[in-house]
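Asks: curious how this folds, go ahead:
(3 chains, ligands or ions: 4)
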Amino acid sequence: MLRWLPINISSFGQGVDNLFTLIYWITLVVFVLVMATLVIFLIKYRHREGVRAEYIEGSTKLEIIWTAATTIIVFGLAMLSFPQWNNIKSPSEFPENPDVVVEVRAKQFNWKMIHPGPDNEFNTDPGLDKELGTVDDPGDDLKKLDELHVPVHKVVHVRLLSEDVIHSFFVPELRLKQDALPNRYIPVWFDTNALDVSPLTDFEDVRKKGCFTGTLTFTDANTPSVTGNIVYETDDALTVNVDDELNIYNKSDVKQLDITVWRFEIPCAELCGLGHSTMVGYLYVHTQESYDEWLAEEMSN
Amino acid sequence: MEIAENRPFSNAKLGVLILLGAETMLFAGLIGAFLVYRMGNVTWPPLSHADIQLPRLVTGINTGLLIISGFTMFQALRSIQQDKVKYLRYYLLFTGALGLLFLVIQGSEWIQLIGKGLTLHSGVYGATFYVLIGCHAVHVFGAVIWLTIVIGMSLAGRFSSENHTGVETCTIYWIYVVALWPVLYYLVYFA
Amino acid sequence: MQENDNKSHEHDNDEGHDAAHEDHDTVEHAPEHNGDDHDTHAHHHEEGFIRKYIFSLDHKMIGKQFLIYGLIMLFLGGGLAMIFRWQLAYPEVPALEGQEGRGAKPLPIIGVSDEFQETGEPKTWADRYWMNVFESEETEWTEEFIPGGVMTGSFYNMLFTMHATVMVFFVVVPILVGAFGNFLIPLMIGTRDMAFPVLNMLSFWLAVLAAVVMVTGFFVPGGHAAAGWTGYAPLSVDPTWTGVGWGMNLWAISLLIQGFSSLVGSINYITTIINMRAPGMTFFRLPLVIWALFIVAILLLLAFPVLSSALALLIFDRLAGTTFFSATPTGGGDPLLWQHLFWFFGHPEVYVLILPGMGIVSELIPVFSRKPIFGYRSMVYAMIAIAFLGWIVWGHHMFQSGMRPGMGAFFMTTTMLIAVPSAIKTFNWLGTMFRGSIRFTTPMLHAIAFVSMFVIGGLSGIYMANTPVDIAIHDTYFIVAHIHYVVFGGSLFAIFGGIIFWFPKMYGRYMNDTLCKIHFWLTFIAFNCTFFPMHILGVGLHRRRIDNPMLTEHLHGFEGMNIFISMSAFTLGAVQLILAFNFFWSIYKGKVAEKNPWHVTTLEWEAPTPVPHGNFVQIPTVYRGPYEYSVPGEESDWIPQAQPEHAPASTGD
Ligand code: HEA
Ligand code: HEA
Ligand code: CUA
Ligand SMILES: [Cu+2]
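Replies: Ligands and ions are numbered 1, 2, ... in the order given. Now for the predicted structure:
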């Protein structure tokens, strides 16, 4: 059911999907009922010679019934949705003491990801009254362009900000979308708890599963396993970038795939000018060790 | 049958009343914007314009003038209803004069403020000030023009106790514009 | 009758009403009509061509003017859609690592040919044109926007922005409110003309002016507005951010003018409906389409000024250097203010697009089921409820905008509540067909299409109304699907149905039924093929994306769908040409229609065809509700509202 949805990797994503599916069924039933009645009436009561329409001005009883029914359904839906919504969006409900805090700044047409420096402080905190949007030197903070790196299964807090027009931070697999406003920080949180980290053994749509960096071990034992970035995929082959050269492996030869980094797109979801469609960043989800590695390396230079 | 007889308002009068609905929404939009900024700032005027002091007193007097003009306008209507065409003309002229005076005082105020450095460009504070007050001023101006036409018609003796829709509609509009002012005065000068 | 009708005019002589006034007296001694070519004897007193066709004060002529105006703009708006649909089918796909990208496919006819791209040998005239353009020193605007027939990002943004603006403000509203409103209101409430004919004419010519200004925008340097029809600030504020200069200003100015036009129009409608109903036409004997237009007039009256205020602020920001929306830290402007103002207008506006449609359908279904409308009063109350709720749901466009999350809960609830009155309407339409005697005329087919398509569009609205789900589908093609199911599947089908239904009254002739049927079925199929797949693309595919719309990984399976959608879209577009041809052909060559071809009870069919200046020979008196079909114990299956005998004032009070 609804197979065309992107995979979900966040703890709250499943809730969203369930609501989606629920509404899908409700609306489907309503639609089928309405259409069925319509078609039956059209056939049954089509004009026939000598048959005269019946003079019916209405029926309070029926009207009350379907008014009540609809009201109950929609209120029920609303009730189910409140907690989900608050859990995702209202800062008061965010899980405390996050493992990672990053500042994400949108600027035509890039995402600037700012990690606090060794002191775990955002040194250049552009208070709302300071010269905002022109800050391009985050002091000792770690600044990446279009790359957001986070450890897997950890709580991440994001302070979202735009330096010019309105953009929108969207990761389909997280079921998370939030506009970035100029001049106003917006707190956002997510985790990647629903991401399955166990080694892959079936290799269908590995890129849709977000697989990026990983180690391939092969069915015949004496081919050495390779580690690299899976950059391209066809139905039966993987193109892997092993230290800057592209090798192609048949999926049938691969026994298992241990992933260390997953990658998901962060397309900008709000029209922000002529480069809107080219504004895309990437969310890199690391296993803890590979994250520490990455952080250490970045901090060193 | 019933329709034709019990029509509380003539078309023209109803039309003007409906128009007021739209006007209200227009100002509601602008005032809404103003309030958003007002709430967004702890201090008003914002620190950047702390030195600016809006001329509350003069404007207060001006407000008085406008309100009086409202009464005189109402008197004008009353007199034509009692067929006192002469009084109608006096009251109309007096009202028009007051309206113009109001505009003149507003204008001089603006010139002073601009001299003091409060312009459209000085943040939302200046901008909202000029846009809100300006929008109202434009309406007063429009009302004055309308009034002049009515005065013209009254001099031409077009009105009588039976037929004075022209005066009636103009009165409604005038009083609306007058009644709107104190609200803006409070918001812009005191809130 | 004549007396108090004239009395009504006494009051507003200063409204320049005298003209319309004289006309009335002339009507009495108007000779009988011979049905054919009405345009030549529509008015029976000497009136110059200009006064008759151009600056006409006659509500019927103004209605027709609005209709033509709207249809022309429909072709403009649709044409724009055709152009960007091509781009969406064959977009540019930037090279990802390991996967080579491909350039966008040049537009057919005006773009360079493939051979030319390979060999450099000009084949078509387009090839030669582009060769010259590229070689020439000075840069043509074509070179700036569609070099070689491949559109640039800014051009694409401009296309869909103008597509939506034109469709919403210059097609659907003018036709539904302007055309049907003008033509139907006086006829259906039984009066000789609008309350303020001069204002009426003014309203049309303001609309024309607005259209002219809007179209001019295409030709100014920098191109037309490109910030979406929602013109979100701060994007729309600073030319450097969109690359659009005066286009954006003209967009705003044009909408301001359009605002005046609809202000004048709605004052006119409301006054007319309140004050000028024929004797006996109580509010609860009004046909539902009049109720709809009445409510819509109120919505427009109160909603448009809010947009005007926003537009004024926008223009100040752009031209006077204020900082209302551009949130520079020093300026202290508010980036969300525009969205609040726009949507506070915007949501009532979308109900302006649907309510008259609902009204029209509520006329068509009873007529062709030969039954009273099911639950007349609840239909009225439902429309009022929809209109009222429309004011407190605007936040549902801003769930992801950074608005306080707490408000999300409120707006979700109010938005979903709108399903309730909509349910009443939907099921009452079904109830109207129940035990009816349904005639499948083309207007009826459109009415049925309206009901089913509106239900799809409405139900998709429930997904988006649900805040958590909206997180996933906001600003995706799911929304685009929703939009088009309600505005095309809803409004446009109602418009088509209405045109075919009232055409005999408007032009005294029938539209060619075969062509109408062909047009209907092709449109219905092509429409669904075009917009239904968008629901599926919706999960992740973004609106307003020019190159590689299939960006996100999980969409890679769906590339083919965009091509399919575009092909259906072209068919859909081409099919509309049938309608256009049929319309204009029938005006002159159509089969001459009798006075009341569909056996309808409402007053407009009491008037002679073609309707003379002043409408009625004798102002009718109304004795009963508008839907007296198949009344038991009557030999004819319909009793006109104005028929005196034994009045069982059924739905009236
Ligand atoms: C004619 C125009 C029209 C109409 C009538 C509607 C009707 C509705 N719309 Fe729509 N809407 C638009 C035009 C319209 N909309 C446009 C143009 C946009 C995009 C703007 C932009 O961003 O560019 C938009 C966007 C839009 C959004 C914002 C999406 C986003 O940007 O994230 C939302 C969210 O709540 C929404 C909701 C609804 C709802 C709940 C209704 C309801 O009125 C629908 C009610 C009807 C039904 C529900 C069906 C009939 C009822 C039954 C059969 C009874 C049974 C039903 C149940 C039990 C549920 N609309
Ligand atoms: C009344 C409103 C209305 C109507 C009728 C339409 C009609 C159509 N719309 Fe539009 N549309 C909107 C309102 C409307 N739209 C709005 C509000 C948006 C949002 C804009 C935004 O994001 O800001 C939108 C956005 C929108 C998009 C998304 C663009 C994007 O986000 O990137 C698309 C994409 O397919 C689209 C397609 C179409 C098509 C194919 C039609 C077809 O129905 C058109 C059919 C054609 C005609 C009726 C014209 C008649 C025929 C001709 C012109 C001649 C034939 C020509 C050829 C065959 C080449 N529309
Ligand atoms: Cu940034 Cu779109
Ligand atoms: Cu809405």
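Asks: buried ones in the lowest-mean-pLDDT helix or strand in chain A?
Replies: For chain A, counting by mean pLDDT, DSSP states H and E, strand A:142-145 ranks last in confidence among helices and strands (a mean of 84). Using 16 or more other CB atoms under 10 Å in any protein chain shown as the test for burial, strand A:142-145 gives A:142-144. Placement of C-beta: from N, CA and C, glycine included.
Asks: what sits against whatever residue of the stretch 201-350 of chain C ends up closest to ligand 1?
Replies: Scanning the stretch 201-350 of chain C for proximity to ligand 1 using CB to the nearest ligand atom identifies C:Val350 as nearest, at 3.7 Å. Taking CB atoms under 8 Å, 6 or more residues apart in numbering or on different chains as the contact definition, C:Val350 lies against C:390, C:486-487.
Asks: what's the helix or strand for C:Gly259?
Replies: Assigned by DSSP states H and E, C:Gly259 falls within helix C:246-275.
Asks: now do A:Arg159
Replies: Counting by DSSP H and E, A:Arg159 is part of strand A:156-162.
Asks: which secondary structure elements does that strand contact?
Replies: strand A:100-107, strand A:176-180, strand A:186-190 (3 or more CB pairs under 8 Å, 6 or more residues apart in numbering or on different chains; DSSP states H and E).
Asks: just those: most buried one?
Replies: strand A:176-180 (a mean of 26; mean count of other CB atoms under 10 Å in any protein chain shown).
Asks: picking that back up, make JSON lines out of the helices and strands packed on strand A:156-162 and add mean pLDDT.
Replies: Shown next, in JSON lines, are the helices and strands packed on strand A:156-162 (pLDDT from 0 to 100):
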{"stretch": "strand A:100-107", "mean pLDDT": "91"}
{"stretch": "strand A:176-180", "mean pLDDT": "94"}
{"stretch": "strand A:186-190", "mean pLDDT": "93"}
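Asks: just want the residue of chain B that's nearest ligand 1.
Replies: Counting by CB to the nearest ligand atom, chain B gets nearest ligand 1 through B:Gly29, at 19.5 Å.
Asks: so which strand or helix has that residue?
Replies: Using DSSP H and E, B:Gly29 sits in helix B:11-40.
Asks: show me which positions of that helix end up buried.
Replies: B:11-23, B:25-27, B:29-34, B:36-38.
Asks: likewise for stretch A:236-253?
Replies: A:237-241, A:249, A:251.
Asks: gap between that stretch and the chain center?
Replies: 27 Å (CA atoms, centre = their mean, to the nearest Å).
Asks: what about that stretch, start to end distance?
Replies: Taking CA to CA, to the nearest Å, the first and last residues of stretch A:236-253 lie 10 Å apart.
Asks: quick one: the host helix or strand of A:Ser168 near ligand 1?
Replies: A:Ser168 belongs to strand A:167-171 when elements are defined using DSSP H and E. No: shown here: strand A:167-171 not in contact with ligand 1 (CB under 6 Å from any ligand atom), separated by at least 10.9 Å.
Asks: so which elements touch that strand?
Replies: strand A:100-107, strand A:176-180, strand A:254-267.
Asks: now the last one against strand A:167-171, angle please.
Replies: With axes from the mean of the first three to the mean of the last three CA atoms, to 10 degrees defining the directions, strand A:254-267 sits at 160 degrees from strand A:167-171.
Asks: so where is the stretch 401-550 of chain C shaky, pLDDT-wise?
Replies: Along the stretch 401-550 of chain C, no part satisfies pLDDT under 70.
Asks: can you name the residue of it nearest to ligand 2?
Replies: C:Arg543 (3.1 Å).
Asks: same question for chain A.
Replies: Counting by CB to the nearest ligand atom, chain A gets nearest ligand 2 through A:Leu271, at 7.3 Å.
Asks: which helix or which strand is home to the residue located most distally from the centre of chain A?
Replies: Distance from the centre of chain A peaks at A:Gly50, with 61.4 Å (CA atoms, centre = their mean). Under the criterion DSSP H and E, no helix or strand holds A:Gly50.
Asks: C:Asp637 versus that one, what's the distance?
Replies: 12 Å (CB to CB, to the nearest Å).
Asks: okay, and the common contacts of those two?
Replies: Common neighbours of A:Gly50 and C:Asp637 (CB under 8 Å, 6+ apart) do not exist.
Asks: give me the pLDDT value at residue 291.
Replies: Using chain A here. A:Tyr291 is assigned 93 on the pLDDT scale.
Asks: that's the other chain; I wanted chain C
Replies: So C:Trp291 comes in at 97 (pLDDT).
Asks: for it, give me its contacts.
Replies: C:359, C:379-380, C:383.
Asks: mind running it again at 10 Å?
Replies: Each residue near C:Trp291 by CB atoms under 10 Å, 6 or more residues apart in numbering or on different chains is listed here: C:273, C:283-284, C:355, C:358-359, C:362, C:376, C:379-380, C:383-384.
Asks: that's a helix at it, yeah?
Replies: Yes: using DSSP: H, G, I helix; E, B strand; the rest coil, the assignment for C:Trp291 is a helix.
Asks: and the gap between C:Met162 and chain A?
Replies: Between C:Met162 and chain A the computed distance is 14 Å (CB to the nearest CB, to the nearest Å).
Asks: what are the phi and psi values for that residue?
Replies: With angles defined as degrees, to the nearest 10, C:Met162 sits at phi -70, psi -30.
Asks: re earlier: which of the buried residues of helix B:11-40 come close to chain A?
Replies: Among those, no residue sits close to chain A (CB under 10 Å from any CB of the partner chain).
Asks: isn't C:Gly346 right next to C:Trp394, touching?
Replies: Yes: judged on CB atoms under 10 Å, C:Gly346 makes contact with C:Trp394 at a distance of 6.6 Å.
Asks: give the buried residues for stretch C:81-90.
Replies: Neighbour counts over stretch C:81-90 (16+ other CB under 10 Å) mark C:81-90 as buried.
Asks: does any part of it sit near ligand 2?
Replies: Yes: Stretch C:81-90 lies within reach of ligand 2 by CB under 6 Å from any ligand atom, at C:81-82, C:85.
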